[in-house]
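K.L.:
Structure of the sequence below:
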Amino acid sequence: MRLGSGTFAACCVMIEVLGVALFLRGFFPAPVYSSSGTERQVEHPAPEPSTGANSNWTKLPPPLFSKVVIMLIDALRDDFVFGSKGVKFMPYTTYLVEKGSSHSFVAEAKPPTVTMPRIKALMTGSIPGFIDVIRNLNSPVLLEDNVVTRAKAAGKRIIFYGDDTWVKLFPKHFVEYDGTTSFIVSDYTEVDDNVTRHLDRVLKRRDWDVLILHYLGLDHIGHISGPHSPLIGRKLSEMDSIVMKIHTSLLAEERETLFPSLLVLCGDHGMSKAGGHGASSIEEVNTALVLISSAFERKPGDSRPPKHVQQTDLAATLSVGLGLPIPRSNTGSLLFPVVEGKPMREQLRFLHLNTVQLSKLLQESVPSYKREPGFENFKVSERLHGNWIRLYLEENNSEALFNLGTKVRRQYLDALRTLSLSLSGQRAQYDICSMLVGTVVVLEVLALLLLSVPHALSSKAELEVPLLSPVFSLLFYLVLLVLSALHVIVCTSVDTSCYLCSLSWLMAGGVMVLISALLCAVISAVTKVFASGKLLSKNPAHSSSRWSELDLLIVLGTLGHVLSLGASSFIEEEHQTWYFLVNTLCLALCHEICRNCFLGDSGAPQRCLHAEEEFDGATRAPQGRGADWDMLEIDRVSTGPSPLEALRDHERWMVLASPWVVLTCCRLLRSLNQTGVQWAHRPDLGHWLTSPDHKAELSALAALSLIMIFVLVQRRCSLASKVAMAFGLLGVYCYRVALGNVLFPWQQDNKDISKGITEARFVYVFVLGILFTGTKDLLKSQVLAADFTVRTVGLWEVHSGLVLLAALLSRPHNLPVLVLSLFVQTILTQFVWRPLRHDPAEVTVMHYWFGQAFFYFQGNCNSIAAVDVSAGFVGLDAYVEIPAMFLTAFATYTGPVLWASHLVNFLSSETSSGSSLSHACFCYALICSFPVSAYIIMVTSLRYHLFIWSVFSPKLLYEGMHLLITAAICVFFTAMDQTNTKS
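P.N.:
A predicted model of the protein is given here:
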């Protein structure tokens, strides 16, 4: 079966997406849980160690507190409470921390620092898997053993108000609840008012045991304006007043009941310097944790500076405070200051229960648990504890008893610390089987793409794809038989964790058939390549074709980027790699322009051709030369004369200056957004523009940027699209005014801030109108075989609609990135790609490189915290999953998508080769497959690296998402290529 190279590439990328998805399923497994699962059988607590006496304790200790209030403030960074902001905006909390009856901690959250995994960590004491960063969008029911379920089983009455993630995780656990959607980040007032409005009524009641409050406003302000916004101070003051209200109410009730209560003030994660979260920077992982209770008496002058603990330690502490068994999968340690004021026997009892639970989890997780230092420390502690019990029963008070008790306590604390560390290292088990299968699929697809290069980049852009021959070959059935046998062996082995074993035989068999067919196709392609002797030549039709300097740069740059992904520092600072490649590309273009203008290929002085004459000649040539022209165009580097002759003076200087203009634009964009890790903290132009003191400057820049966008885009649009674009860009500015980001010229300050839903929907109408107009023209050119210009206008209008959508979703200070992206596209089109007549493969790679560079110019990096989730809720007044995910993905990958869209426009309207879009689609698929294939191999080999979860795993998610975007782009390329062929 013969397929166009574009169609073949699109199919390959879609298969590759399936392979990467399978690899991700194996790489991001479920964490290690207790094998007891979620069973609720009656379990007896471990008895107190004894050396023969019969009076040891065998029951759980009674609760330490009558009531527990958990006040979780989303994104409560540690310095918001313990730093200068806390002193200024939270005076009551600061007083409790410094002089009141409280214990303060800096709780470290493990990545991913997003809400749902952090709630699981707080309530289960375990470390959630990294894949929970995706599940955060739609939280499933929490089946793992946890404090909330234990409390409900013990008859505790639990009330909840706040983020509805809790309601999804713990359905039917609350006697009363009111959930609020956490994803509408533009709302930072109503989400908190909806919680606070219940407080006065609930605090007067006595029919509850646990009250959980989850405030979202602080996190939403961070997403919108960052941690330095003046709104942060106001929100912290609001939270401080709520702390005071709850604390005074609990104290008033304690005077009547004479039994202490506990107020827990904590955060689920921190807030990065840009206002987001999800990664592993200090600002994102360090959260405030304050335990407030009258039981924590403090003597005058008793200084209690915040201690560093793990966020998972709260689960064990809450369990002890409520008189509950510690969750089975807990990896945290009891916060000892909570029980420090209790008698020695009770202290040792609490520590013993915690160490027994951790030692049981260690036995289930580590086969050689007896050789673990933590387990050895636990056995020593238990033996010493038994000796202390015997001495305690013999003589109740003595110095020897106190000294031995102190020693036992210290030994228990060391055992807890060691056990917790060991379990944290064993928190996940990789599904190597799924990872291996996914890797094989991806590598087979890459090999097939590489072996298809000679035919895919030929003038016909077609290749023979054997669909039936592999099915009837002996090798296919042998491979399928071997894979089936391996599947049976793996799935029948003890304690298998392979995801494929959980699938039906039909689906698992389909995967095995796919692997076998791809292997046969690869072997068939290898045989043909060696038989014909053609592999990766510049032009397969001409054996004498040679590689230009630009071709060598493209190959070496691609290989260099792939190799750089093996180092964590290069991943954190990947933007530097792309900036270097783009700058080098501009210098190479400058060298090529100078050589063609002044020397020519032969080295003799040569005059330059007028750019417009050259383009006209290029477009007229196919009418008289037929298919041979395609051969000459692809091979123009080696055979054709230099096309640059007789340029006018001002045009010559424009062509010569164009690479330097592009370099200047790139340098300006680098100053706009500091990204990465090493230099992200340095001030940049974006921070200066977004500060409240420079709102007038930001308004002027945003207005000028929107005008420039209209000027650069409207030149090839129809009249209706021009009007729609003008009104749409005006609506973008009105939307930002409604949010309070910018000002109208007649405004001094905009105090009436809204969500801007009406303004955003106004813009969406024009976006859809422009896209509809462009799509109508494309269909018209295909069905009615209309004029070629109708199709080019339709393509440009689709591109314009995407530009308008990007302008709506971009932050105001990022609008210059969009302007300069369009400007660079115009410069390169007019003064580089037209006069130099680069072949489609080179133009495609250059578009890909610039798309990647502009991805980082937007302020993105390989960190989850860099994702601007607020863009996914522009114009939405409720969380709608599909639109929110689409808008977030488009806003994140605006650079690559717009450059790919421009590539389709350029190749469709300004090149003479009918196979250019097929060549572009194939090259795009190939250049995207290289880093993905190499990276999954690197990640597999580095899966036990120190930075695997903080650096390599987020990058893996970005690569997977980028491959999915690439698949969509290749499908669009193929559709446009079919339209071009028919028209």
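
K.L.:
Give the residue spans of the stretch 851-983 of the chain that score low on pLDDT.
P.N.:
Across the stretch 851-983 of the chain, the stretches falling below the confidence threshold (pLDDT under 70) are 910-914, 978-983.

K.L.:
got the residue ranges for the strands in the stretch 701-850 of the chain?
P.N.:
All residues of the stretch 701-850 of the chain lie outside strands when identified by DSSP state E, counting those that start in this stretch.

K.L.:
Can you pull out the low-pLDDT segments for it?
P.N.:
Those would be 749-754, 783-787, if you go by pLDDT under 70 across the stretch 701-850 of the chain.

K.L.:
for it, what spans make up the helices?
P.N.:
719-739, 757-783, 788-809, 815-828, 834-836, 840-857 (DSSP state H, counting those that start in this stretch).

K.L.:
who wins for proximity to Gly179 among the ones you listed?
P.N.:
Smallest distance to Gly179 across the helices of the stretch 701-850 of the chain (C-beta to C-beta): 21.2 Å, for helix 757-783. From N, CA and C alone the C-beta is placed, and that goes for glycine too.

K.L.:
Now do the closest one against helix 788-809, angle only.
P.N.:
Using axes from the mean of the first three to the mean of the last three C-alpha atoms, to 10 degrees, one finds that helix 757-783 and helix 788-809 are set 160 degrees apart in direction.

K.L.:
tell me how far helix 757-783 is from the chain's mean position?
P.N.:
How far helix 757-783 lies from its chain's middle: 30 Å, per C-alpha atoms, centre = their mean, to the nearest Å.

K.L.:
buried stuff in it?
P.N.:
Buried residues in helix 757-783, counted by 16 or more other C-beta atoms under 10 Å: 757, 759-760, 762-764, 766-767, 769-771, 773-774, 777-778, 780-782.

K.L.:
do stretch 161-174 as well
P.N.:
Under 16+ other C-beta under 10 Å, the buried positions of stretch 161-174 are Tyr161, Gly162, Asp163, Asp164, Thr165, Trp166, Val167, Leu169, Phe170, His173, Phe174.

K.L.:
Can you tell me which of those is closest to Gly509?
P.N.:
Looking across the buried residues of stretch 161-174 and measuring by C-beta to C-beta, the closest to Gly509 is Leu169, at 35.7 Å.

K.L.:
got a list of what that closest one touches?
P.N.:
Shown in contact with Leu169 (C-beta atoms under 8 Å, 6 or more residues apart in numbering): Met116, Ile119, Lys120, Met123, Ser139, Pro140, Val141, Leu142.

K.L.:
now do Thr892
P.N.:
Counting by C-beta under 8 Å, 6+ apart, Thr892 makes contact with Gln858, Asn860, Val867, Asp868, Ala871, Met961.

K.L.:
centroid residue for this structure?
P.N.:
Averaging the C-alpha coordinates of the chain gives a centre point, and the residue nearest to it by C-alpha atoms, centre = their mean is Ile864 (3.6 Å).

K.L.:
So that one is in contact with Val114, correct?
P.N.:
Yes: counting by C-beta atoms under 8 Å, Val114 is a contact partner of Ile864 at 7.1 Å.

K.L.:
just the strands in the stretch 351-500 of the chain please.
P.N.:
Per DSSP E, counting those that start in this stretch, the stretch 351-500 of the chain has strands spanning 462-464. These are given in chain order.

K.L.:
show me where pLDDT drops low in it?
P.N.:
Low-confidence segments of the stretch 351-500 of the chain, defined by pLDDT under 70, are located at 396, 425-428, 466-471, 494-497.
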